[in-house]
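In: Mind looking at a prediction? Sequence and model below.
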Amino acid sequence: MNPRLILLSAGNLLLSLLSAAQVVKGPERLQCEHLTAPIGIDNPHPRFTWIINDATKGARQNSYQLVVAKDDGAVVWNTGKVGKDDNLLTYNGKPLEPFTRYKWILALTGKNDVTYKAATAFFETGMLVQQNWKGNWISDGTDIHLKPAPYFRKTFLLRKPVKTARIYIATAGLYELTLNGNKTGDHRLDPMYTRFDRRNLYVTYDVAAQLKEGQNAIGVLLGNGWYNHQSTAVWYFDKAPWRNRPAFCADLRITYTDGSTETISTDKSWKTALSPVVFNSIYTGEHYDARLELPAWNLPGFDDSKWASATERAAPSQNIVAQELYPIRDVEKTPAQAMKKFSDTDYVFNLGRNISGVSELTISGAAGTTLRLIHAEKTDAAGHADLSNINVHYRPTDDSDPFQTDIFILKGGTETFKPRFNYKGFQFVEVKSSQPVQLSVASLNGYFMHSAVPPAGMIQTDDSLINKIWSATNHSYLSNLFGYPTDCPQREKNGWTGDAVIALQTGLYNFDGITIYEKWLADHRDEQQPNGVLPAIIPTSGWGYQWANGPDWTSTIAIIPWTLYEFYGDLKPLQDNYENIKSYVNHINDLYPDGLTTWGLGDWVPVKSKSPVELTSTLYYFADVTILAKTAQLLGRTADHKRYATLAEKIKTAFNKKYLNTSTGIYGSGLQTELSTPVYWGIVPESSKAKVVANLAEKVQKDGVQLDVGILGAKAVLNVLSENGYADLAFQLASKKTYPSWGWWIENGATTLYENWKVDAKNDASLNHIMFGDIGAWLYKALGGIFPDPEQPGFKNILLKPNFVTGLNQFTATYQGSRGLITSSWEKKGDNVLYKVIIPANSTASFFIPMGWKLNGKNEAGAQKKDGSYALPSGTYLLSLEKIK
């Protein structure tokens, strides 16, 4: 099928299919740069992806034709009809132009040459190159100690009808943007945090609907964010090399209906004054004095004659690029569930769950009344907010900046306060007032904030504990996703690399997170030293290059792009980071030429037994080198592939020589982490693997079927058991309700995952941490059996390896993969199991029958392959299995 492009007089592009054999089925979820209809992208070679909606058994894509055209119909790329099943293409047409909307049209044929209905989508370029900016960077000075946040405003006259209008805004710090008094967009805490002196992000908004003929006004309120960190803690962000008073640059580009354009840009003509936000810290809180409000400050008629002129500043970096990711939003309103009144000046609200975000208080009171909103994860014995588990790294210089506390001064009457430039981790809010006030449970709401990544997966079982563990894991994952993955939303808010590696697959099974990880990988590239070293937290002001940054943590540079490749079939993250992985590996090789490294933190927060750091760090080093060798092969770098495959073998040999007793199958002293992590990372000789796993199972049983691991072992032990014939034992560990276990947390009221197995821990005691969060991915793999196939990534072929474990009777996993919705669902009926599988169009699956089961009667399992699996084309299958007696 060839599309015919017809140019209409209005300049629209119409795709007319020459075949009459059109059906409703066809391509869906058309995305550019893994986003739907993005505007303001900077990639000169954007990626296009899609899925096929066709439930017909065996449905597949036989060919594609993709056409990209400008709004006037001028074609800039036409692939022609290509007889392949690819669903990810990289633009390879004429050079894209800035500030231009492109329509892309996708025509597919399928099995038996069925012609699918063509689909269209669009994307829009932004600046593309630095030279296209017209605005200057402006601020209200350079005083980093000045506390009130600044307002900026600019009025302008529109005399002609507007066709399109886009505003491009880059900020060192945070901003809230308004046009004619109305907030632009629904993003929060824009732009995302970066290493400000090396890369800054700009955001694009479609603002045509906010403009009007005549006078218009742009308003900007700037916040400090991580750029001007006025709070003091052990990571020294107050001493960051980039630190300065917040600044921004903006271009409002207007295209009129007559085809002419005009740009309203930032310069010295903008006016500035201080705002009622008298203090703001991304780390601690926000202080707001409503008595200082300037009504209508962002409207056209406001008198700004007494405002100062903005000052021009140098750009914070020479790398201003588009923010191409899912933004932070107020994703969920969380009303208070209970309130305890101690007095007319002291109230404690309970949201009923732990969240990341902010609170919103509506209150009536006398002018000058000062309210302190203290946000905590727990209360003390008397019921007051207790910050003792999360304020341990804060180093205040006085009492003017209390931790996790907003301060709101009333102007009088009924008013509502919600901070703009901060977020916290909390379940409880204690409101203390300088004067008596009357509050009710309806006075306070929480807002769950995080990067608004779309849900991708769902787990449902007949075990309420497993359902709660899955939910708590997701809540902790999202609570730690703010344009970069963090460890906790309260005590630190740092981009700890080790935590992110642990939770990576959990994130990707449950959410469409590639855009966040690609941004964070760019942060890695910004932070990497010339010798290849990465810091333990990313971004950083300089902390973390000398401690905690061994390969057990900073393997993010290799493991994240490889995992993205497995899940999305997208090579770009590996291509973008290849030299960085190589530099990192080379540095470790220089430091530890014998193949064993002691560089790292090791199995952090163990129950009681600590495995050798050399064992766990060498395993991550081995994983990095293995990934580098595989990537070199994928990218056609033959010499590199040979070199690093040889290095991987050298590490494997040295590791097994030192730690493996081949006669007993014991690694080290036989701890759970020592036995599970070598299997997980694939370093165990095949001849010893079964014996090592059997020893692990025996060790777990000797330990009372209790975990004895830290975060590295926790990632490995469940997976190794369930993938090697001990799924029932793994499920016993996962579903435990006694200490130490995930269920122990739930039994003690947890709605998120904790940092420490001990619920009453005195140290490492955050109640919203993701570092034990790999169990979220384990549910999809061990029970649902949904694995990507490294040989056919992006779930082009799905490895189905479910386990019908004892103790669970019903289980369903759904996952919206890069080729469509995958379902793996089973229900027990006595000694039988009915297994339902849905394989999306343009995918296949290899179904491996679980150990101890067999197909029962007539099934649609297809032909059995050499590896023992059954080949399943796309479609829906109901398979009956029975337990082998």
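Out: Sure, I can see it.
In: Please make it C-alpha for all contacts and neighbour counts, starting now.
Out: Fine.
In: So V429 sits against G383, correct?
Out: No - with contact defined as CA atoms under 8 Å, V429 and G383 do not form a contacting pair (11.0 Å).
In: what about Y175, is that helix, strand or coil?
Out: State at Y175, reduced to three classes by DSSP: H, G, I helix; E, B strand; the rest coil: strand.
In: and it, what does it touch?
Out: For Y175, the contact set (CA atoms under 8 Å, 6 or more residues apart in numbering) comprises L189, D190, P191, V220, L221, L222, G223.
In: if we go to 10 Å?
Out: Residues in contact with Y175 (CA atoms under 10 Å, 6 or more residues apart in numbering) are 149-151, 169, 188-191, 220-225, 246-248, 420-421.
In: mind listing which of the residues you listed are in strands?
Out: Members of the contacts of Y175 lying in strands (criterion: DSSP state E): P150, Y151, I169, V220, L221, L222, G223, A247, F248.
In: Considering those residues, which possesses the most neighbours?
Out: When neighbours are counted by other CA atoms under 10 Å, G223 leads the ones in strands among the contacts of Y175 with 33 neighbours.
In: is that residue in a bridge, and if so with what?
Out: L174 (DSSP bridges).
In: all numbers from here: first residue = 25
Out: With the count now opening at 25, the last piece we talked about shows up as G247.
In: so it touches F176, yeah?
Out: No - between G247 and F176 there is no contact, the gap being 11.9 Å when judged by CA atoms under 10 Å.
In: sorry, back to before: format the ones in strands among the contacts of Y199 as CSV; extra columns: distance to E906 and pLDDT.
Out: Listed next are the ones in strands among the contacts of Y199 as CSV, based on distance: CA to CA, whole Å; pLDDT from 0 to 100:
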residue, distance to E906, pLDDT
P174, 69, 98
Y175, 70, 98
I193, 61, 98
V244, 66, 99
L245, 65, 99
L246, 64, 99
G247, 62, 98
A271, 67, 98
F272, 65, 98
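In: Pick the one among those residues closest to E722.
Out: Distance to E722 across the ones in strands among the contacts of Y199 (CA to CA) is lowest for G247, with 55.8 Å.
In: ok now do that closest one, which residues does it touch?
Out: Applying CA under 10 Å, 6+ apart, the residues near G247 are 171-175, 195-200, 213-214, 269-271, 301, 303-306, 310, 444-446.
In: Now a PyMOL select for only the buried ones of those residues.
Out: In PyMOL, this line selects whichever of the contacts of G247 come out buried by 16 or more other CA atoms under 10 Å:
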select buried, resi 171+172+173+174+175+195+196+197+198+199+200+213+214+269+270+271+301+303+304+305+306+310+444+445+446
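In: need the contact list for the nearest residue to P479 once chain neighbours are set aside.
Out: Spatial nearest neighbour of P479, excluding adjacent residues (CA to CA, 6 or more residues apart in numbering): F535 at 4.4 Å. By CA under 10 Å, 6+ apart, F535 lies in contact with 476-482, 498, 501-502, 529, 839-841.
In: Okay, and which of those residues map to helices?
Out: N498, Y501, L502, Q529 (DSSP state H).
In: which residues touch the second one?
Out: The neighbours of Y501, taking CA under 10 Å, 6+ apart as the test, are 474, 495, 509-512, 524, 527-528, 530-531, 534-535, 776-777, 792-795, 797, 800.
In: ok, now the last one?
Out: By CA under 10 Å, 6+ apart, the contact set of Q529 is F535, I584, T587, L588, F591, G797, D798, I799, G800, A801, W802, Y804.
In: Can you report how many residues neighbour A98?
Out: 15.
In: right, and it touches V92 too?
Out: Yes - counting by CA under 10 Å, A98 sits close enough to V92 to count as a contact (8.6 Å).
In: Find the residues that touch each one of those two.
Out: Y126.
In: that older thread, looking at V453 and G407 now, which is surrounded by more residues?
Out: When neighbours are counted by other CA under 10 Å, V453 and G407 differ, and V453 comes out ahead with 30 against 15.
In: Would you mark the buried spots in stretch 771-778?
Out: The neighbour-count check on stretch 771-778 (16+ other CA under 10 Å) flags A774, T775, T776, L777, Y778 as buried.
In: And the furthest pair within the residues you listed?
Out: Across the buried residues of stretch 771-778, the longest distance by CA to CA is 9.3 Å; it joins T775 and Y778.
In: Identify the contacts common to those two.
Out: By CA under 10 Å, 6+ apart, the residues touching both T775 and Y778 are A496, T497, S500, W769, L791, N792.
In: pLDDT value on the first one, please?
Out: Model confidence at A496, expressed as pLDDT, equals 98.
In: Helix, strand or coil: sort out it for me.
Out: A496 - assigned by three-state DSSP - is helix.
In: what's near enough to touch it?
Out: 377-378, 490, 502, 766, 769-770, 774-778, 792, 794, 797, 800.
In: so of those residues, which ones are in strands?
Out: Secondary structure from DSSP E places R377, N378 of those in strands.
In: now, among the contacts of A496, which is nearest to G64?
Out: L502 (25.5 Å).
In: Show me the strands in the stretch 575-724 of the chain, by range?
Out: Secondary structure of the stretch 575-724 of the chain (DSSP state E, counting those that start in this stretch): strands at 684-685, 690-691.
In: I meant to write the stretch 25-174 of the chain there.
Out: Using DSSP E, counting those that start in this stretch, strands in the stretch 25-174 of the chain cover 27-31, 37-41, 50-56, 63-65, 71-77, 85-94, 99-102, 112-114, 125-134, 143-149, 161-163, 174-182.
In: next one: the stretch 325-474 of the chain
Out: So, for the stretch 325-474 of the chain - with DSSP E, counting those that start in this stretch - the strands run 332-333, 335-337, 344-346, 352-359, 362-367, 370-389, 394-400, 402-403, 409-410, 429-433, 437-441, 448-457, 468-475.
In: out of the ones you listed, which comes closest to N866?
Out: strand 468-475 (30.0 Å).
In: Within its sheet, name the partner strands of that closest one and how each one runs.
Out: Sheet pairing here is set by DSSP bridges, and for strand 468-475 it gives strand 352-359 (antiparallel), strand 370-389 (antiparallel).
In: what's the most buried one of the ones you listed?
Out: Highest mean neighbour count among the strands paired with strand 468-475 (mean count of other CA atoms under 10 Å): strand 370-389, with a mean of 22.
In: so what sits against both of V453 and G407?
Out: Going by CA under 10 Å, 6+ apart, residues that sit against V453 and also against G407 are Y371, V372.
In: Can you give me the distance of R667 to D618?
Out: 15 Å (CA to CA, to the nearest Å).
In: The chain: helices as residue ranges?
Out: Using DSSP H, helices in the chain cover 488-503, 521-534, 538-551, 575-578, 580-592, 596-615, 637-658, 662-683, 696-704, 710-726, 735-746, 751-758, 766-771, 799-802.
In: Any chance of TSV for these, columns distance to Q155?
Out: TSV is the format used below for the helices of the chain (distance: least, CA to CA, whole Å):
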stretch	distance to Q155
helix 488-503	37
helix 521-534	34
helix 538-551	21
helix 575-578	35
helix 580-592	30
helix 596-615	23
helix 637-658	34
helix 662-683	37
helix 696-704	48
helix 710-726	57
helix 735-746	46
helix 751-758	55
helix 766-771	53
helix 799-802	44
